[in-house]
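>>> pasting the sequence and the predicted model now:
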Amino acid sequence: MGKFSNNITKVTVICDIGQSNCDGRGIDAELLSPYRTAISGSKIFQKSAYSSTDNGTWQTLEYNVNNFFKSNQTNPLELNNANAFHGAELFTGYEYNAKNGKTLYQIKHGRGGTNIHGDSQTTWSDKLSPDLMTRYIDWYLISAIRKLITSGLYVDFQGVFWFQGYSDCDTQAHADDYFTNLNLLMDRLRIGLGQLGLENTKIFIQESPNWGAVGTRTQSFNDTLRAAQASVGSQENFLFLPNTEYTTSFNADNVHINSIGLKKIALQRIKLLK
């Protein structure tokens, strides 16, 4: 994004984007110290509420305090004690700082119950949900980076991590269309990044977990998704991240990655960052 001098602070920035596993639905009892606190070596860009249209602010990443996406006893999103909705970010921010001695800036777009096949308004399809895509990419990703730039920081943007949920492997038709839909999503993301001069930034595709049958979801449908992810991940400026680090680490619902898996994902990602 341009030259920088020794008088300008350089900050490392990543974006975590995806479906319910990107939420980071860890279990409280599994999330032990030092992650269960404020992570002084990590910043996260957040809005005042999940669906609000405000442009958000950079805040210190903090467990269960600045986490506006958490569940609670009266409105459980998965389990009554599943409050660590920034699970992957808590691990990533802490471990990155411990390894590099630098603050990690994380932009988070995790939303459960979404898909990319476009059969509902809760979809990452730009055709059916342009407002949702605008909210995530234009109001959020772009404004987060621009706020760092306008504050005088040099942004070292190191990539976007896409984490798939299981909502696109419910029918054969959705599985068959997944390759095309994933490419369309990545094209839309590139357009947004291009507004920042970052169209050639690396996009990391986190392979879908190796699920067994969950309702109408089947392993054969999910295998189709995983093959498509690998194919897209072999293209220029994409990188496919295999699921060997977390393939068996699930919560009791056999759908969402647990805290053990989230930490493995974080360590896998840190290996890729400077």
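On my side now, so go ahead.
>>> can you pull the pLDDT of the residue nearest to Tyr246 when sequence neighbours are not counted?
In space, and not counting its chain neighbours, Tyr246 is closest to Gly261: 3.5 Å by C-beta to C-beta, 6 or more residues apart in numbering. Quick note: C-beta positions are derived from backbone N, CA and C, even for glycine. Per-residue pLDDT puts Gly261 at 89.
>>> also Ala82?
Value listed for Ala82 in the pLDDT field: 53.
>>> same thing with Val255?
Here the pLDDT value assigned to Val255 is 78.
>>> quick check: it is in a helix.
No. The assignment for Val255, made by DSSP: H, G, I helix; E, B strand; the rest coil, is coil rather than a helix.
>>> still on that earlier bit, list the residues that contact the residue nearest to Tyr246.
209, 245-246, 249-250 (C-beta atoms under 8 Å, 6 or more residues apart in numbering).
>>> ok, now Thr247?
Counting by C-beta under 8 Å, 6+ apart, Thr247 touches 209-210.
>>> ok, which stretches of the stretch 51-200 of the chain are strands?
For the stretch 51-200 of the chain, applying DSSP state E, counting those that start in this stretch gives strands covering 57-62, 104-110, 154-163.
>>> most tightly packed of these?
Sort those by mean neighbour count, taking mean count of other C-beta atoms under 10 Å, and strand 104-110 sits at the top with a mean of 24.
>>> neighbouring strands for that strand, and are they parallel or not?
Paired neighbours of strand 104-110 in the sheet (DSSP bridges): strand 10-18 (parallel), strand 38-46 (parallel).
>>> what's in contact with the last one?
The list of residues contacting strand 38-46 from outside it, by C-beta under 8 Å, 6+ apart, reads 56-63, 65-66, 68, 86, 89-90, 92-94, 96-98, 102-108, 140, 144, 147.
>>> list the buried ones in it?
39, 41-46 (16 or more other C-beta atoms under 10 Å).
>>> can you find the helix or strand of this structure with the lowest average pLDDT?
Across the helices and strands of the chain, the lowest-confidence element by mean pLDDT, DSSP states H and E is helix 130-133, at a mean of 69.
>>> quick one: Leu148 and Thr12 touch, right?
No. Between Leu148 and Thr12 there is no contact under C-beta atoms under 8 Å: 10.8 Å.
>>> who has more neighbours out of the two?
The residue with more neighbours, out of Leu148 and Thr12, is Leu148; 20 against 17, by other C-beta atoms under 10 Å.
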